[in-house]
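Chemist: Show me the folded form of this:
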Amino acid sequence: MEQLYARRREDTGLALVRGERARRDGERVSPRPAREVTRLDDGDGATAMEMLVAGEPFVIHHPAFVASWRAAREIVTADGTVDIDKLEELFGQAVVRVEEVSARADDDEAVDAQGAYGERPTRSMQVSEYASWWRDRGKGALLYLKDWHLTAEFPDFNAYTPPAIFSPDWLNEWYDHKRAGSDDVTARDYRFAYIGPAGSWTSMHSDVLRSSSWSTNVCGVKRWTLVPPDATWALTSSTGRGIAPLLRTGCGESVDSAQFCALDIARAASVVVIQQPGETIYVPPGWHHSVENLTDCLSINHNWIHPSGAIDSVRLLLAETEAAAAHIEDVRLMVSASEFDALVDRNVAMNAGMGCAEFRDLLSRAEELAKHAAENAGNDGDDGFVHELHARWAREARELLLSS
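Modeler: Below you'll find the model as predicted:
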C-alpha cells in the first residue's frame with residue numbers, strides 16, 4: 001500500500017508542476033482526455049481514499065448521512081428548499097459577506113462582464129437583512145452569501161459532521177490550534193457555509209494554498225465544471241493575466257475567441273458534474289473549477305489539506321517565494337537579510353493565504369499529531385501504518401521548505 005500511495009502522490013505532484021509551468025511559461029502541453037467523475041456510495045471508503053491520494057475528483061452519494069445533519073433538519077424545508085425564516089430566527093444578528101452577481105450564469109450576453117474570481121462587488125449585512133432580500137428578490141442583481149464561518153461563529157449549533165474520509169484535515173486543525181483560548185477571528189478556519197439563489201455562480205478558480213476542497217449540497221442542485229492541472233494553461237487569456245470565468249458553450253463566446261483562444265482545449269479536458277442534494281464532491285489540489293447554482297442552494301464547503309497533498313502546498317509556497325523575492329529585489333540592499341526574508345514571507349502570505357514560516361509550524365504540529373496517533377494505534381497495523389506515513393509526509397514537506 002505504501003508504494004501504491006507514494007507512486008500516486010508523485011504522479012499527482014508531477015501533474016500539478018507540469019500544469020503550473022505551462023500556465024506560467026506559456027508552454028502548451030496536451031492535457032489528458034476528459035473522464036467521467038466517479039460516483040461512490042457511503043460504503044466505498046477504500047475507493048474514495050485511493051482516488052483522493054491519486055488526485056482524482058469524485059462524488060459521494062449519501063443523502064441519509066446529510067439528512068442527519070442539524071443544518072438539514074432545521075434550515076431546510078419539508079419540500080427541500082432553504083428555510084430562510086428559520087435561518088433568520090437562528091442567526092438573524094450574524095454579520096455575513098454577500099457577493100453581488102449582476103449576470104446570471106445562463107445570461108450568455110453578460111456573463112463575461114462579471115470579471116475574474118474575487119473581483120465582484122461584496123458587502124456585509126446581517127442575516128436578517130439577507131433574509132429580507134431573499135424573500136423579495138426580483139430581476140436585479142443576485143446576492144450570494146459566501147464564505148460564512150458558520151461553525152467558528154456558532155460552534156454549539158453543531159451544524160454538520162464532516163465525512164470521515166476527509167480526515168485528517170491539517171489546515172483546519174491548525175486554525176483550531178491557533179484559535180484555542182483566543183478570540184482571534186483572523187484564525188477562524190477554512191470551513192464555510194454558502195447560500196446561493198438560483199442563477200448565482202462562482203467564477204473559475206483554484207483553491208487557496210493549493211488545498212483540496214469538499215462541498216456538500218444540503219439542499220439544491222449545482223453544476224460544477226472541473227479542469228485538471230495540466231489544462232490550466234488553456235484557461236488563461238492571451239495576455240496571461242486572466243482566467244476564463246466559465247467554460248460552458250454559449251457563455252460569452254465573443255470574448256472567448258478574442259481573449260481565450262485555447263478555451264476549446266480546456267473544454268475538451270474538463271468534466272461537468274451535476275451535484276444533487278445529499279451529495280458531496282471532492283475537488284483535488286490544483287483543479288480549477290466554476291460552480292453554478294441551478295436552484296436555490298445551501299452547501300457546506302471545506303478547504304483542507306490532506307497529508308498526501310502537503311507537498312503540493314510546499315511547491316506552491318516555494319514558487320510564490322521566488323516570485324515575491326524577485327518583485328521586491330530593489331529593496332534587498334536597503335534592509336537586513338532577515339528583514340528582507342520577512343517582507344518576502346509577508347507578501348507570500350498575502351498572495352497564497354499563508355507564508356512559509358507559518359506553514360512550517362503547521363507541518364511540525366501535523367507530524368507530532370500523526371506520531372501520537374501512530375503510537376495510540378498500538379497493534380492495529382493498518383491504522384498505525386497510515387499515521388506513520390502521514391508523519392513522514394509532514395516531515396518530508398517541512399524538510400523541503402527548510403532546504404529551499
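Chemist: Just the strands from the stretch 101-250 of the chain, written as ranges.
Modeler: Using DSSP state E, counting those that start in this stretch, the strands of the stretch 101-250 of the chain run over 122-126, 142-148, 191-196, 201-205, 212-219, 222-227.
Chemist: just the stretch 251-400 of the chain next, same as before
Modeler: Per DSSP E, counting those that start in this stretch, the stretch 251-400 of the chain carries strands over the ranges 271-275, 279-283, 288-293, 297-304.
Chemist: Compare the ones you listed and give me the one nearest His61.
Modeler: For the strands of the stretch 251-400 of the chain, the distance to His61 is smallest for strand 279-283, at 5.3 Å, taking CB to CB. Placement of C-beta: from N, CA and C, glycine included.
Chemist: Run through who's touching that closest one.
Modeler: 37, 48, 51-52, 57-63, 66, 163, 166, 207, 212-217, 224, 226, 273, 275, 289 (CB atoms under 8 Å, 6 or more residues apart in numbering).
Chemist: 6 Å instead, please
Modeler: 57-61, 163, 213-217, 275, 289 (CB atoms under 6 Å, 6 or more residues apart in numbering).
Chemist: Could you do stretch 147-157 as well?
Modeler: If you take CB under 6 Å, 6+ apart as the criterion, stretch 147-157 is touched by 96, 159, 188-189, 191-193.
Chemist: returning to that earlier point: as JSON lines, the strands of the stretch 251-400 of the chain with mean pLDDT and distance to Cys261 would be great.
Modeler: Conversion of the strands of the stretch 251-400 of the chain to JSON lines gives the following (pLDDT from 0 to 100; distance: least, CB to CB, whole Å):
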{"stretch": "strand 271-275", "mean pLDDT": "96", "distance to Cys261": "22"}
{"stretch": "strand 279-283", "mean pLDDT": "98", "distance to Cys261": "26"}
{"stretch": "strand 288-293", "mean pLDDT": "94", "distance to Cys261": "17"}
{"stretch": "strand 297-304", "mean pLDDT": "97", "distance to Cys261": "31"}
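Chemist: Out of the contacts of stretch 147-157, flag the one nearest to Trp134.
Modeler: Closest approach between the contacts of stretch 147-157 and Trp134, by CB to CB: Val96, at 12.0 Å.
Chemist: Between strand 201-205 and the helix or strand harbouring the closest one, find me the angle.
Modeler: Using DSSP states H and E, Val96 sits within strand 95-101. Angle, strand 95-101 to strand 201-205, by axes from the mean of the first three to the mean of the last three CA atoms, to 10 degrees: 80 degrees.
Chemist: what's strand 95-101 in contact with?
Modeler: Residues outside strand 95-101 that contact it (CB under 6 Å, 6+ apart) are 120-122, 124, 126-127, 141-146, 148, 200.
Chemist: Rank those by pLDDT and give me only the lowest.
Modeler: Minimum pLDDT for the contacts of strand 95-101 is recorded at Arg120 (84).
Chemist: low-confidence ranges in the stretch 201-350 of the chain?
Modeler: 248-258 (pLDDT under 70).
Chemist: where does the residue lying closest to Asp44 once chain neighbours are set aside fall, helix, sheet strand or coil?
Modeler: Nearest in space to Asp44, with sequence neighbours left out and distances taken as CB to CB, 6 or more residues apart in numbering, is Ile60 at 7.7 Å. Judged by DSSP: H, G, I helix; E, B strand; the rest coil, the three-state class of Ile60 is strand.
Chemist: mind checking how far the strand holding Val96 is from the chain centre?
Modeler: The chain centroid and the centroid of strand 95-101 are separated by 18 Å under CA atoms, centre = their mean, to the nearest Å.
Chemist: who does it pair up with?
Modeler: On the basis of DSSP bridges, the sheet neighbours of strand 95-101 come out as strand 122-126 (antiparallel), strand 142-148 (antiparallel).
Chemist: how about it as PDB, C-alpha atoms only?
Modeler: What follows is strand 95-101, C-alpha atoms only, in PDB (Å, rounded to 0.1, in the frame of the first residue of the first chain):
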ATOM      1  CA  VAL A  95     -22.900  39.500  10.000                       C
ATOM      2  CA  VAL A  96     -22.200  37.800   6.700                       C
ATOM      3  CA  ARG A  97     -20.500  38.700   3.400                       C
ATOM      4  CA  VAL A  98     -22.500  38.700   0.300                       C
ATOM      5  CA  GLU A  99     -21.300  38.900  -3.300                       C
ATOM      6  CA  GLU A 100     -23.300  40.800  -6.000                       C
ATOM      7  CA  VAL A 101     -23.900  38.600  -9.000                       C
END
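Chemist: what's the angle from it to strand 191-196?
Modeler: Orientation of strand 95-101 against strand 191-196 (the same axes, to 10 degrees) gives an angle of 50 degrees.
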